[in-house]
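In: Model the following, please.
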Amino acid sequence: METTTTPRGAAPRLTQFAHGGGCACKIPAGELEAMVRGLVGVPSPELLVGLDDGDDAAAVRIDGGVAVLATADFFTPVVDDAYDWGRIAAANALSDIYAMGGRPVIAVNLLGWPRDVLPLELASEVLRGGLDVARQAQCPVAGGHSIDDPEPKYGMAVTGLADPDRLLRNDAAVAGLPISLTKPLGVGVLNNRHKATGEVFEEAVASMVALNDRACAAALEAGVRAATDVTGFGLLGHLYKMARASGVTAVVDAAAVPYLDGARQSLRDGFVPGGSRRNLDWVRPHLRASVDEEELILLADAQTSGGLLVVGEVPGAPVVGEIVPRGEHAVEVR
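Out: Residues are numbered from 1 along each chain as shown. Next comes the predicted model:
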């Protein structure tokens, strides 16, 4: 477990200005669904993907047979390094486009900053990190919106394009296909440890800043129809949403799921985000498991800028389970 420690007297520890970190600060899935239930916008036959199944982005068909994708994602600091936080937040926002089978074409910044508490130079570093990752994605960043906020927050609203007949959706999982995962789990417990101790986990940062563009291209090349990314609701939460939307059961082979170095030790040491426990509580009524509680917590761990969860095989990505016909439970863990 390769770590370093933030020196005393260095730049302010950004995670200490946030009540939660990264996607673990999301409103719990059950509360969110109750909040938006019954809220229906203007009906449109061109709206291909909306609110119904909790997909990663909205999709609307426009003239020329193209689907426009729209998403927004922002969160409180997940690491103390301002530049890395910007990179992570940008990769996470762009991931919603890749998780739908699209390519990002433009992004705008979303920034909340406690201007009387934290130096504006740190805010510039956050924005620089986001710009550098967007540049890797060949996605222009054109302005955005900022507010004076008692808690620092950063992310992006991203617009993308996709083939409307090749969207990756939550409701398209089919029984008989394998489930692949393109990034290891564990950033939730590692980030929670970082917030508490100042230890820096370089492998976790590298995973979070990595774009999901190649995984998206590989999934499309393989003819995949169903996918999502693993973020704040954990692998179990996002898999449950997909199984529920598709009317199938998702079976997870717990032994096949990859984890970042240090994740299990951080769990044993008690560094579990509250969001991870809430994720498991939400899924538990729809879950049958033959593994222990510790394993379930890791599978429900709230991820930030996680990988793609793909129904199908993706070269280089481990197969972590399979889709079977709908049974009594939407998710099974063996």
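
In: For the protein, give me the ranges with low pLDDT.
Out: 1-10, 20-25 (pLDDT under 70).

In: can you do 80?
Out: Residue ranges of the chain with pLDDT under 80: 1-11, 19-30, 32-33, 35-43, 51, 53.

In: in it, which spans are helices?
Out: Per DSSP state H, the chain carries helices over the ranges 29-36, 82-98, 120-136, 187-197, 202-209, 213-221, 234-246, 263-268, 274-283, 293-299.

In: With distance to Leu14 as extra columns, can I get these in JSON lines?
Out: Yep, even glycine has a C-beta here, placed from its N, CA and C like the rest. Shown next, in JSON lines, are those (distance: least, CB to CB, whole Å):
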{"stretch": "helix 29-36", "distance to Leu14": "25"}
{"stretch": "helix 82-98", "distance to Leu14": "6"}
{"stretch": "helix 120-136", "distance to Leu14": "7"}
{"stretch": "helix 187-197", "distance to Leu14": "10"}
{"stretch": "helix 202-209", "distance to Leu14": "14"}
{"stretch": "helix 213-221", "distance to Leu14": "27"}
{"stretch": "helix 234-246", "distance to Leu14": "23"}
{"stretch": "helix 263-268", "distance to Leu14": "20"}
{"stretch": "helix 274-283", "distance to Leu14": "18"}
{"stretch": "helix 293-299", "distance to Leu14": "26"}
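
In: Can you check which of the ones you listed gets nearest to Leu161?
Out: Leu161 lies closest to helix 82-98 among those, at 8.7 Å (CB to CB).

In: Figure out how far the closest one is from the centre of its chain.
Out: Centre-to-centre, helix 82-98 and its host chain are 10 Å apart (CA atoms, centre = their mean, to the nearest Å).

In: State the number of residues packed around Ala215.
Out: Residues lying near Ala215 (other CB atoms under 10 Å) number 26.

In: looking at the helices of the chain, which is buried most?
Out: helix 82-98 (a mean of 28; mean count of other CB atoms under 10 Å).

In: Val205 against Val79, yeah?
Out: Yes. Counting by CB atoms under 8 Å, Val79 is a contact partner of Val205 at 6.5 Å.

In: Which one of the helices of the chain lies nearest to Leu167?
Out: Of these, nearest to Leu167 by CB to CB is helix 213-221, at 9.9 Å.

In: The closest one - contacts with which helices or strands?
Out: Packing partners of helix 213-221 (3 or more CB pairs under 8 Å, 6 or more residues apart in numbering; DSSP states H and E): helix 82-98, strand 308-311.

In: Now render those as JSON lines, adding distance to Pro12.
Out: JSON lines is the format used below for those (distance: least, CB to CB, whole Å):
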{"stretch": "helix 82-98", "distance to Pro12": "9"}
{"stretch": "strand 308-311", "distance to Pro12": "34"}
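
In: do you know how far the residue lying closest to Gly223 once chain neighbours are set aside is from Pro178?
Out: Of all residues beyond its chain neighbours, the one nearest Gly223 is Gly312 (7.1 Å), with distances taken as CB to CB, 6 or more residues apart in numbering. Remark: distance between Gly312 and Pro178 (CB to CB, to the nearest Å) = 7 Å.

In: Those two: which has the busier surroundings?
Out: Gly312 (22 against 16).

In: residues touching the closest residue to Gly143 other than its chain neighbours, list them.
Out: Among residues not flanking Gly143 along the chain, Val108 sits closest, at 5.6 Å (CB to CB, 6+ apart). By CB atoms under 8 Å, 6 or more residues apart in numbering, Val108 lies in contact with Val141, Ala142, Gly143, Gly144, His145, Met156, Ala157.

In: how about 6 Å then?
Out: By CB atoms under 6 Å, 6 or more residues apart in numbering, the contact list for Val108 reads Gly143, Gly144, Ala157.

In: so what are the domain limits for the protein?
Out: 11-162, 178-333 (automatic domain parsing).

In: Switch those over to CSV; also include distance to Arg169.
Out: Output for these, formatted as CSV (distance: least, CB to CB, whole Å):
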stretch, distance to Arg169
domain 11-162, 6
domain 178-333, 6
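
In: Ok, which of these comes nearest Asp171?
Out: domain 178-333 (4.0 Å).

In: how long is the closest one end to end?
Out: End-to-end distance of domain 178-333 (CA to CA, to the nearest Å): 14 Å.

In: Any idea how far that domain is from the middle of the chain?
Out: Its chain's C-alpha centre and that of domain 178-333 lie 10 Å apart, by CA atoms, centre = their mean.

In: do stretch 12-32 as well
Out: Counting by CA atoms, centre = their mean, stretch 12-32 comes out at 13 Å from the chain centroid.

In: Quick check: the residue nearest to Gly143 vs Gly155, distance?
Out: 10 Å.

In: what's the neighbour count on Ala59?
Out: Counted with other CB under 10 Å, Ala59 comes out at 25.

In: Is it bridged to anything, and to what?
Out: Val49, Leu69 (DSSP bridges).

In: how about it, what does it touch?
Out: Leu48, Val49, Ala67, Leu69, Leu167.

In: So which of the residues you listed is surrounded by the most neighbours?
Out: Going by other CB under 10 Å, Leu69 tops these with 28 neighbours.

In: show me what contacts it?
Out: Ala57, Ala59, Ile97, Met100, Gly102, Gly160, Ala162.
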